[in-house]
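Just to be clear, the model below is a prediction. Sequence and coordinates:
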Amino acid sequence: MNTCRDVARRTALALGLALPALAAPRAGRAQPARPTALATTGMVADLVRGVAGEAFQVQALIAEGVDPHLFRPTRQDVARLLRAEALFFNGHRLEGRMNEVLERARGQGRPVLAVAETLPRERLRPNEDYPDAADPHVWMDPTLWAACAPAVAATLAQARPGDYAPGVAETQRRYARLDAYAREVLAPIPRESRVLLTAHDAFAYFGARYGLEVQSIQGLSTEAEASLARIESLVRLIVERRIPAVFAEASVPDRAIRALIEGAGARGQRLAMGGVLFSDSMGRPGTYTGTYEGMMDHNITTIARALGGNPPPRGLNGRL
């Protein structure tokens with residue numbers, strides 16, 4: 001039989017257990033989610049991530065190793081594009097098969113920015129295939145890519161007001177450091193070796209910034225196949241100027257590169273494979289080369305080593 005004392009004891013115990021639970025936040029209560037900023041390429045995503053800091057969850061749509069010139073979005077990709085609170089793409093027709101969905105996203109009233117199109121046209125190279133666009137490979141010059149950061153900050157502020165000036169300053173500092181490293185290690189390359197021969201025309205801004213002549217098998221876009229005439233003319237150039245190395249690209253098949261090496265060899269000129277460069281795609285997410293800084297460090301170090309520069313063994317940050 002329960003006594004009054006037993007009832008009182010059980011009541012006190014129940015209250016003692018209940019009061020901490022009432023005082024503490026509910027474990028299942030969802031915290032406010034960070035808004036999503038979606039970028040088309042890894043290079044754009046890295047720029048946006050640096051400016052946004054912790055204010056946004058920044059995602060890249062196009063996976064590593066995938067050529068953005070040829071990327072065609074799936075229905076799921078389109079849904080992600082249209083759900084994002086802020087959308088960033090490169091522009092100047094880099095994402096050539098996405099134009100329709102990007103224009104659709106622009107018409108929905110959410111913040112959308114074509115990052116490379118924020119730069120003055122006089123700072124950009126023309127695009128012979130599309131007179132309405134410029135060469136889209138702006139990220140190959142860290143100083144140009146850094147100049148896009150304020151426009152990224154302004155677009156983020158439209159989606160979530162905040163102070164993005166510290167992110168802009170830190171991003172520009174990191175990119176300036178990359179630029180200084182490139183100038184240092186590429187400067188010693190001998191004059192006769194200052195030819196950067198690549199799979200497609202993605203490195204013109206890089207060449208202009210660091211004093212390298214750029215020759216490529218394909219044009220600005222990888223949609224067109226390399227012509228036999230172009231390969232033959234490059235073989236003649238390699239032999240005449242004794243170009244020491246050619247570079248493959250991570251997002252472009254290397255068939256034409258192998259044809260150049262074989263063609264030069266048939267004429268008695270040894271053409272070395274200087275390495276594989278990141279052009280329109282970065283490395284695997286979660287790795288050093290899966291960041292813009294790591295991608296560019298890899299490219300700068302690889303080019304300098306193959307052509308006669310003086311890079312440190314493991315690059316700018318000792319992480320290669």
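That came in fine, so what should we check first?

So which residues of the chain form strands?
In the chain, the strands defined using DSSP state E lie at 36-39, 57-60, 86-89, 112-114, 195-200, 213-218, 245-249, 272-277.

buried sites along stretch 97-117?
Using 16 or more other C-beta atoms under 10 Å as the test for burial, stretch 97-117 gives 98, 101-102, 105, 110-117. In short, each C-beta sits where N, CA and C put it, glycine included.

Now render those as JSON lines, adding distance to Asp141.
Shown next, in JSON lines, are the buried residues of stretch 97-117 (distance: C-beta to C-beta, whole Å):
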{"residue": "Met98", "distance to Asp141": "24"}
{"residue": "Val101", "distance to Asp141": "28"}
{"residue": "Leu102", "distance to Asp141": "24"}
{"residue": "Ala105", "distance to Asp141": "27"}
{"residue": "Arg110", "distance to Asp141": "29"}
{"residue": "Pro111", "distance to Asp141": "25"}
{"residue": "Val112", "distance to Asp141": "24"}
{"residue": "Leu113", "distance to Asp141": "19"}
{"residue": "Ala114", "distance to Asp141": "17"}
{"residue": "Val115", "distance to Asp141": "13"}
{"residue": "Ala116", "distance to Asp141": "11"}
{"residue": "Glu117", "distance to Asp141": "16"}
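
Which two among the residues you listed are spaced furthest apart?
Distances among those were taken as C-beta to C-beta; the most separated pair is Arg110 and Ala116, at 19.7 Å.

I'd assumed Leu277 was in contact with Val252.
No: Val252 lies out of contact with Leu277 (C-beta atoms under 8 Å); the separation is 9.5 Å.

one step back: among the buried residues of stretch 97-117, which lie within helices?
Counting by DSSP state H, these place 101-102, 105 in helices.

which of these lies closest to Asn310?
Distance to Asn310 across these (C-beta to C-beta) is lowest for Leu102, with 42.4 Å.

Tell me if I'm right that that closest one and Glu95 touch.
Yes: taking contacts as C-beta under 8 Å, Leu102 lies within contact range of Glu95: 6.7 Å.
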